[in-house]
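1. Requesting a structural model of the entry that follows:
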Amino acid sequence: MNPIVKLTSLGQSLWYDNIQRKLLENGELKAMIERGDVRGVTSNPTIFNNAIAKTNDYDSALTPLAWAGWDAEKIFWQLAVEDIQEACELFMPLYEETNGGDGFVSLEVSPYLANDTAATIEQAKALWERVGKPNLMIKIPATLEGIPAVRAVIAAGINVNVTLIFSLERYAEVMIAYLDGLEDRLAAGQPIDHVASVASFFVSRLDTKIDPKLPEGAPLRGKAAVANAKLAYEAFGAVFTTRRWEGLKLKGARVQRPLWASTGTKNPAYSDTLYVDNLIGPETVNTVPPATLDAFRDHGIAENAISRDLDEARSVFAQLKTLGISMDDVTRELEEEGVKSFADAFTQLLAAVDDRRKAAASSLSSLADSVAARLTQLEADSVPARIWSRDLTLWSDTPEGQREASNRLGWLDSPEKARERIPVYQSFAEEIHKDGIDRVLVLGMGGSSLTAEVLSSLQAGANVEAKLSLAILDSTDPAQVKQAAQDFPPDKSFYIVASKSGGTTEMMAAFDHFWKLSNADGSRFIAITDPATDLETLAHERGFRKIFSSDESVGGRYSALTDFGLVPAALLGMDLNLLLDRVDWMKRECGEAKSSARNPGVALGAVLAAAAAEGRDKLTVLADAPLSALAGWIEQIVAESSGKNGKGILPVPLEPLDAPEVYGKDRLFIYLRQTGELDNGVTALQHAGFPVIQLPISNYHDAGAEFFRWEMATAVACHILGVNPFDQPDVQDSKTRTKNKLADFQKTGKLTDVDLVNASDAKPALEKFLKGAKPGDFFTINAYLPRNDETIELLQQMRVAIREKTKCAVTAGFGPRFQHSTGQFHKGGPNKGWFIQVVYDAQGDMEIPTQGLSFGTLLRAQALGDYEALQAAGRKVLRLRLGGNFLRELGELTAMFS
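-> Numbers count the residues shown, from 1 in each chain. Sure thing, here's the model as predicted:
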């Protein structure tokens with residue numbers, strides 16, 4: 001029989017003398033409970049010091065608290081209470097199953113209060129209320145001042161773990177205090193049937209103290225601690241069989257169980273289960289550290305040993321007295337040392353927390369006070385709770401704005417809905433994999449396709465082999481369409497036609513092309529779209545293999561955790577349960593029960609908005625190589641949500657990192673960190689006084705958590721900025737102008753370009769254009785070119801050249817892709833932009849089947865429509881035209897910026 005199972009059957013409960021956030025989050029403690037290994041948890045300042053000061057488990061929780069201006073002790077209690085609450089929840093089934101007899105979690109009052117009765121009582125009551133769990137035990141030290149506190153707290157109906165007991169005399173006082181407290185409670189007319197208590201006898205420390213006083217090899221070595229515990233158990237039996245006790249028992253009282261604490265073996269010469277094997281008996285608890293638990297599980301001896309050899313125990317005490325060793329002196333010293341030890345550990349803990357607090361606060365640099373004020377205001381305004389209650393007035397005070405927002409808050413429930421659909425996703429993916437299909441092309445724009453690209457890239461960056469090859473086509477450039485057709489031929493591929501609205505121009509053009517290419521084989525296509533769209537109708541008519549009807553209450557840029565992201569994730573072979581586990585964790589962290597200062601999404605939103613209010617509205621997203629794709633997703637949700645009404649935050653993703661002096665005072669940096677490859681440059685930015693927020697992301701499945709964090713952060717930042725994150729009032733103008741251009745073309749057969757400057761002759765115009773910028777402005781390169789490794793690298797070089805010339809932030813995007821990502825910001829955000837539109841003479845143009853125009857014509861019309869929309873919005877635009885050898889000319893154009 002498992003020794004732990006037998007020990008439990010003998011009436012003893014093993015509790016775990018350890019707590020750490022990692023154990024709570026990774027399921028380890030839950031598994032220990034389910035196996036029956038442990039039936040409770042104890043904590044103390046030393047344990048929390050090891051957990052918080054010596055790991056990074058708490059950094060994500062600590063950081064926003066530091067941003068909110070909390071001091072070290074306030075931060076500690078927040079973190080400790082969270083751990084205790086979570087542990088209490090894990091033990092709640094056991095607590096209920098045993099009718100409150102087991103499943104307790106202990107939290108100790110501040111060791112600074114060990115000699116202050118009134119303060120101990122006050123804090124015990126405050127912690128009881130704050131944790132709010134019936135299976136909490138408040139630990140109170142058995143000092144002279146602690147004893148009356150025990151009585152008062154028991155009388156208040158609070159469970160108490162009386163700790164730091166060393167002597168039999170003090171133990172007697174502890175038991176009397178417990179009985180007194182129960183009687184006080186009865187006298188006040190209150191029930192006592194759910195008041196529980198344990199008396200924690202510290203065991204091994206007694207041997208550690210006495211052994212050095214004995215000769216080497218003396219037979220009394222290693223005997224005093226067990227003898228003391230055995231005599232304590234005898235005293236327990238004497239008290240809890242008295243008439244006084246029996247009267248209380250009739251009214252529902254529970255015995256105050258002896259708890260053997262400090263049961264890890266300090267002396268390697270002794271058995272590693274010495275202080276477990278010898279202390280087993282009915283109505284007892286043994287709280288064990290991890291190593292002792294493992295040892296007892298492996299080779300412990302589970303027998304009823306506590307009542308054996310009591311004469312021998314008394315003999316040990318007599319012999320010690322004969323040798324001149326005073327147990328009174330020893331236990332008094334141990335109590336004093338115990339109080340000091342816990343106080344010292346608490347001091348060390350607070351110092352470590354304070355160091356991390358300062359580091360986190362310093363990451364905000366000059367924004368620190370503003371962010372703290374924002375978080376205070378968000379809490380005063382109950383913003384987190386109002387988001388979860390769908391309070392539309394957070395973003396708009398007009399019926400139209402509120403109507404738009406009301407149908408765009410489904411992202412708050414996306415994790416639960418996604419969890420329910422995992423079997424659907426997995427079944428479909430297995431079907432595709434079994435059919436031997438090894439590549440998938442997503443035809444879609446913006447939020448309908450971007451998550452698929454991000455997840456595929458993150459998986460590749462983690463060196464994890466995907467189940468199939470996946471890419472997206474979000475362009476009307478004929479060369480890019482042709483390349484996609486070569487890479488994803490119909491005989492080896494299938495196509496995801498993805499569109500929230502079901503009628504996106506680019507998606508339909510791509511679909512028509514691949515439909516013809518596949519010889520109208522509907523089995524090669526699936527659709528992801530909202531219910532009742534034109535695309536859903538078309539998919540039925542054309543016999544698509546499957547139609548995924550997505551949640552229409554989630555907007556496109558918030559759709560990462562819906563079918564648009566999770567169908568591709570399943571096809572890639574990602575662990576959807578793990579992905580959603582990480583989402584669920586972040587959702588809990590951002591839940592309505594969390595204060596603004598403890599909510600990572602709300603806190604990040606406060607930082608974004610505070611930075612923008614102080615002119616740092618260029619959100620520069622740095623990323624280690626494996627995480628680079630995530631920066632593009634952040635760009636879309638922040639830019640398209642915030643850039644309107646002349647306000648907004650401009651993401652600057654993946655701008656090559658340089659020395660601090662090249663950046664202006666309009667920068668806020670976010671570092672998506674995994675490998676640490678940018679550490680040196682980021683440190684230089686911090687030393688130069690720039691606000692730099694680091695977001696550690698250890699696993700590509702953590703992308704799910706980041707999606708939810710940024711969705712929440714964006715909603716909060718937009719609330720503070722006073723804009724509605726769920727509309728896009730300036731997007732339609734560009735689309736309408738494009739449609740008008742195409743209508744004219746189909747009437748006349750002509751599409752007239754305007755205001756074009758040939759790149760080869762552009763230097764004078766460029767120099768004049770660049771000189772117009774002032775500090776705080778930005779440049780954007782809108783390139784209507786094929787997107788591939790070469791063009792991406794050339795645009796990166798151009799960004800650097802313009803930045804060096806102007807000291808302004810520079811973004812770059814490929815058209816028409818960027819129109820679905822940053823297009824709203826370009827027309828609706830602050831009028832600080834200088835737009836360089838780059839077009840070229842597309843080679844090898846192709847007709848779009850059934851549409852009466854070519855991909856090249858559509859691309860030109862989109863560029864013209866966007867150019868006119870920018871002009872109509874009062875933006876400054878320079879149009880540059882590349883010739884046939886556009887790669888060479890693009891390189892030459894970059895040189896002109898130097």
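2. any low-confidence regions in the stretch 451-600 of the chain?
-> For the stretch 451-600 of the chain, no stretch is flagged by pLDDT under 70.
3. Which stretches in it count as strands?
-> In the stretch 451-600 of the chain, the segments counted as strands under DSSP state E, counting those that start in this stretch are 469-473, 493-499, 525-529, 546-549.
4. Next, the buried residues of stretch 355-362.
-> Neighbour-count burial for stretch 355-362 flags 356-357, 360-361 (criterion: 16 or more other C-beta atoms under 10 Å). For glycine as for every other residue, the C-beta is placed from the backbone atoms N, C-alpha and C.
5. ah, wrong one, I meant stretch 520-534
-> Within stretch 520-534, the residues that count as buried by 16+ other C-beta under 10 Å are 521, 524-530, 533.
6. those helices in the stretch 251-400 of the chain, which residues are they?
-> Taking DSSP state H, counting those that start in this stretch as the test, the helices found in the stretch 251-400 of the chain are 274-277, 290-299, 310-322, 327-362, 368-380, 383-388, 399-406.
7. How about the contacts made by the closest residue to residue 451 other than its chain neighbours?
-> Spatial nearest neighbour of residue 451, chain neighbours left out: residue 565 (3.5 Å); criterion: C-beta to C-beta, 6 or more residues apart in numbering. By C-beta atoms under 8 Å, 6 or more residues apart in numbering, the contact list for residue 565 reads 451-452, 455, 559, 707.
8. Turn these into JSON lines, including neighbour count and distance to residue 67.
-> Converted to JSON lines, these look like this (neighbours: other C-beta atoms under 10 Å; distance: C-beta to C-beta, whole Å):
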{"residue": "451", "neighbour count": "28", "distance to residue 67": "28"}
{"residue": "452", "neighbour count": "28", "distance to residue 67": "33"}
{"residue": "455", "neighbour count": "29", "distance to residue 67": "30"}
{"residue": "559", "neighbour count": "28", "distance to residue 67": "29"}
{"residue": "707", "neighbour count": "29", "distance to residue 67": "22"}
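9. just curious, which of those is nearest to residue 88?
-> Nearest to residue 88, judged by C-beta to C-beta, of those is residue 707 at 29.9 Å.
10. Surely the closest one forms part of a helix?
-> Yes - under DSSP: H, G, I helix; E, B strand; the rest coil, residue 707 falls within a helix.
11. any idea how far it lies from residue 411?
-> Relative to residue 411, residue 707 is positioned 9 Å away (C-beta to C-beta, to the nearest Å).
12. re the thing from before, just so I know, which of the strands of the stretch 451-600 of the chain lies nearest residue 724?
-> strand 493-499 (22.5 Å).
13. one step back: now the strands of the stretch 451-600 of the chain in CSV, with distance to residue 199?
-> Formatted as CSV, these follow (distance: least, C-beta to C-beta, whole Å):
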stretch, distance to residue 199
strand 469-473, 62
strand 493-499, 64
strand 525-529, 62
strand 546-549, 60
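14. Of all those strands, which one is nearest residue 660?
-> Nearest to residue 660, of all those, is strand 469-473, at 35.4 Å by C-beta to C-beta.
15. ok, back up a step: so which of the strands of the stretch 451-600 of the chain gets nearest residue 808?
-> Closest approach to residue 808 among the strands of the stretch 451-600 of the chain (C-beta to C-beta): strand 469-473, 30.1 Å.
16. by how many degrees do that closest one and strand 493-499 diverge?
-> Here strand 469-473 points in a direction 40 degrees away from that of strand 493-499 (axes from the mean of the first three to the mean of the last three C-alpha atoms, to 10 degrees).
17. Could you list every helix and strand in contact with strand 469-473?
-> Packed against strand 469-473 by the contact rule (3 or more C-beta pairs under 8 Å, 6 or more residues apart in numbering; DSSP states H and E) you find strand 439-443, helix 450-461, helix 478-487, helix 563-572.
18. Let's have the buried residues of stretch 355-362 in CSV, adding distance to residue 599 and pLDDT.
-> Listed next are the buried residues of stretch 355-362 as CSV, based on distance: C-beta to C-beta, whole Å; pLDDT from 0 to 100:
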residue, distance to residue 599, pLDDT
356, 18, 94
357, 17, 96
360, 15, 96
361, 17, 96
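19. which one of the residues you listed is nearest residue 543?
-> Nearest to residue 543 among the buried residues of stretch 355-362, with distances taken as C-beta to C-beta, is residue 360, at 56.1 Å.
20. Tally up the residues packed near the residue nearest to the closest one when sequence neighbours are not counted, please.
-> Spatial nearest neighbour of residue 360, chain neighbours left out: residue 66 (3.6 Å); criterion: C-beta to C-beta, 6+ apart. Look at residue 66: counted by other C-beta atoms under 10 Å, it has 28 neighbours.
21. Surely residue 66 touches residue 75?
-> Yes - counting by C-beta atoms under 8 Å, residue 75 is a contact partner of residue 66 at 6.9 Å.
22. what do the two both touch?
-> residue 357.
23. re the thing from before, would JSON lines of the helices and strands packed on strand 469-473 with distance to residue 168 be doable?
-> Below are the helices and strands packed on strand 469-473 laid out as JSON lines (distance: least, C-beta to C-beta, whole Å):
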{"stretch": "strand 439-443", "distance to residue 168": "74"}
{"stretch": "helix 450-461", "distance to residue 168": "62"}
{"stretch": "helix 478-487", "distance to residue 168": "81"}
{"stretch": "helix 563-572", "distance to residue 168": "63"}
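24. highest average neighbour count across those?
-> Compared across these, helix 563-572 shows the largest average neighbour count, a mean of 27 (mean count of other C-beta atoms under 10 Å).
25. what's in contact with stretch 1-11?
-> Stretch 1-11 has contacts (C-beta under 8 Å, 6+ apart) with 14, 36-37, 39, 276, 280-284, 296-297, 299-304.
26. Recalculate using a threshold of 7 Å.
-> 14, 36-37, 280-284, 296-297, 300, 302, 304 (C-beta atoms under 7 Å, 6 or more residues apart in numbering).
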